[in-house]
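Asks: what follows is a protein structure lacking sequence information:
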């Protein structure tokens, strides 16, 4: 039943959500090449670069995921006033992300990560960054920006912490406090062992390694052990929901009143886990902000993560492909035939068309259903990938 509700949510509601993302914004650059020889200068491979790709990284990848899910997204953070900032602006504009909260600072350089790949395998990563906490004027500007958004109406806030300086202790606590005044949920994608600054948030989404670091002990990737650490963190930091991503074991949520949700992994093949945590954060909060039950929100986030880890590099999941994935899962569970609302069927038809799949429509009263009806419905179904049947009322 979970995927039925998720499908309806993706088709009808998610486009109405307004979500702010605050955190450490980065530019991810990928240099794709081929390696056929060793350098005569040193015993290192020579990578002949064939293609260069730039994508939104860090907190900006969370924003990109939300934008591709077709939410209305507002980005807050700090960058340098440099050429890489201009690249970020162009990409955010293209994706429809409002970056009015992305402060341009002459005192900083835009954080950039350069990855060198040969034959689709990562050979080397170069990081260009100088980390420091927010300056007072930056804190004030970000605070005013978020306050105005909350006053205008937000559905959720994501704090994406990469320990580069934006998510300082006092600022994160202020974000949680002010968002709760407006009854807006806050999700934290954490960094580091000390979670005191995340106290009181609605969701926190560590991977197993981060969960162990915060707990100060290493445990096997087993349900009981992971749940124990999550419960301890939940109580210690008064967090409503601790959601641990566990690679091949899927996800575990420890919530209020003893709620436990274990959702198995969905990916058939894992090529690259880069950005999977960002996808989980974006999809989970979108579901929760859209009033999906936690079971459905976790299920949807887990399906989205399964799509992302099957890709190479930082990849934001698209609403169309997540919707298609959920529809395929519906059919596996026998829910492929059901009543749809007008809005949902319009959205699904657009999705199928974008995937190159033909949709066939027919209608009738089917009162009483007889062999002629069955015959022509079978023939109609054979004309395309999807058959939509309209049921006429007696009056019509």
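Replies: Happy to help now that I have it. Computed from a predicted model, the values in this text were never measured in an experiment.
Asks: quick check, residue 112 in a strand?
Replies: Yes: under DSSP: H, G, I helix; E, B strand; the rest coil, residue 112 falls within a strand.
Asks: let me know the pLDDT of residue 207.
Replies: On pLDDT, residue 207 comes in at 93.
Asks: go on, residue 198?
Replies: 97.
Asks: nearest spatial neighbour of it, skipping sequence neighbours?
Replies: residue 188 (4.7 Å; C-beta to C-beta, 6 or more residues apart in numbering). Yep, even glycine has a C-beta here, placed from its N, CA and C like the rest.
Asks: roughly how far apart are that neighbour and residue 63?
Replies: 15 Å (C-beta to C-beta, to the nearest Å).
Asks: more neighbours: which of the two?
Replies: Shown here are residue 188 and residue 63; by other C-beta atoms under 10 Å, residue 63 has more neighbours (34 against 27).
Asks: tell me the spacing between the more buried one and residue 21.
Replies: Residue 63 is 4 Å from residue 21, by C-beta to C-beta.
Asks: which neighbours do those two share?
Replies: 73, 75 (C-beta atoms under 8 Å, 6 or more residues apart in numbering).
Asks: ok but the residue nearest to residue 198 is inside a strand, no?
Replies: Yes: counting by three-state DSSP, residue 188 falls inside a strand.
Asks: that one against residue 200, yeah?
Replies: No: Residue 188 is beyond contact range of residue 200, at 10.1 Å (criterion: C-beta atoms under 8 Å).
Asks: residues near the closest residue in space to residue 202 that isn't next to it in sequence, how many?
Replies: Leaving aside its sequence neighbours, residue 202 sits nearest to residue 185 (C-beta to C-beta, 6+ apart; 4.2 Å). Neighbours of residue 185 under the rule other C-beta under 10 Å: 20.
Asks: list the contacts of residue 185.
Replies: Residue 185 touches 156-157, 179, 202-203, 285, 288-289, counting by C-beta under 8 Å, 6+ apart.
Asks: rerun that using 6 Å as the cut-off
Replies: 156, 202, 288 (C-beta atoms under 6 Å, 6 or more residues apart in numbering).
Asks: tabulate these in JSON lines, adding columns for secondary structure, pLDDT and neighbour count.
Replies: Listed next are these as JSON lines, based on DSSP: H, G, I helix; E, B strand; the rest coil; pLDDT from 0 to 100; neighbours: other C-beta atoms under 10 Å:
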{"residue": "156", "secondary structure": "strand", "pLDDT": "97", "neighbour count": "26"}
{"residue": "202", "secondary structure": "coil", "pLDDT": "97", "neighbour count": "20"}
{"residue": "288", "secondary structure": "helix", "pLDDT": "94", "neighbour count": "23"}
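Asks: pick out whichever of the residues you listed sits closest to residue 250.
Replies: residue 288 (18.1 Å; C-beta to C-beta).
Asks: mind listing what's buried in stretch 35-53?
Replies: 35, 47 (16 or more other C-beta atoms under 10 Å).
Asks: quick one: distance of that stretch to the chain centre.
Replies: 34 Å (C-alpha atoms, centre = their mean, to the nearest Å).
Asks: helix or strand for the spatially most central residue of the chain, just tell me which one.
Replies: By C-alpha atoms, centre = their mean, the chain has its centre lying nearest to residue 279, at 2.4 Å. Per DSSP states H and E: residue 279 is located in helix 276-289.
Asks: list the contacts of stretch 236-256.
Replies: Contacts of stretch 236-256 (C-beta under 6 Å, 6+ apart): 195, 199-208, 211, 221, 226-227, 230-231, 233-234, 261-265, 280, 298, 302.
Asks: give me the buried subset of those.
Replies: Using 16+ other C-beta under 10 Å, the buried ones in the contacts of stretch 236-256 are 195, 201-208, 211, 226-227, 230, 233-234, 261, 263, 265, 280, 298, 302.
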